[in-house]
Structures are given as structure tokens and as C-alpha cells.
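Student: let's see this in three dimensions:
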Amino acid sequence: MELTEYTESEKEGNFEFSISNGQATLVKYYESGSVEVTIPSSVQGYDVTKIGEYAFRGTKLTSITLPEVVTEIADG
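Tutor: Coordinates of the predicted model:
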């Protein structure tokens, strides 16, 4: 029997997350006009453990606060 990884996408506020294997990855931050942002530690009950590649592309952020549960940050 082959196990299939289930991935869903969840948008919460200005953030878009990919949820897979019981963990959330921030895949996109939508510009809000602010130069500072705090990443939530969880979304829909899943810990935000990863920041995806180019999640902040095209933004003018100068400060990003990460939760302690983040264990991986992709390039970009």
C-alpha cells in the first residue's frame, strides 16, 4: 500500500500556508503596507515550522519576527 502525502493550502490574513504531514510552511506573504511582520506560530492548529522559498518576494519588509517553532528557512 502506497502512502500519499496530503497537502492543502490555507490563507490566513496576509499569509498563505501549505499544510502537509502535520506541519505548516509559510509559502507567501501578501504585502500589507507595513515594514514589520510577525509570523504566527501556528495556523489551523499546525505549527509553522518552515518558511518557503521566496515567501517574502516583492515586499518592502525591514523586520520579520519568527516563532520559536520555525526550524527551516528556504533560500530566496
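
Student: thought Glu53 was touching Glu72?
Tutor: No - judged on CB atoms under 8 Å, Glu53 makes no contact with Glu72 at a distance of 10.7 Å. The way it works is simple: take the backbone N, C-alpha and C, and place the C-beta from them, glycine included.

Student: number of residues surrounding the residue lying closest to Val27 once chain neighbours are set aside?
Tutor: In space, Val27 comes closest to Gly52 once its chain neighbours are excluded; the distance is 4.2 Å by CB to CB, 6 or more residues apart in numbering. By the measure other CB atoms under 10 Å, the count of residues near Gly52 is 18.

Student: list the contacts for Gly52?
Tutor: Listed by CB atoms under 8 Å, 6 or more residues apart in numbering, the contact partners of Gly52 are 18, 25-28, 74.

Student: show me these that map onto strands.
Tutor: Among the contacts of Gly52, the ones falling in strands (DSSP state E) are 18, 25-28.

Student: between these, which is closest to Ile64?
Tutor: Leu26 (10.1 Å; CB to CB).

Student: quickly list what the closest one is bridged to.
Tutor: Counting by DSSP bridges, Leu26 forms beta bridges with Phe17, Ile51.
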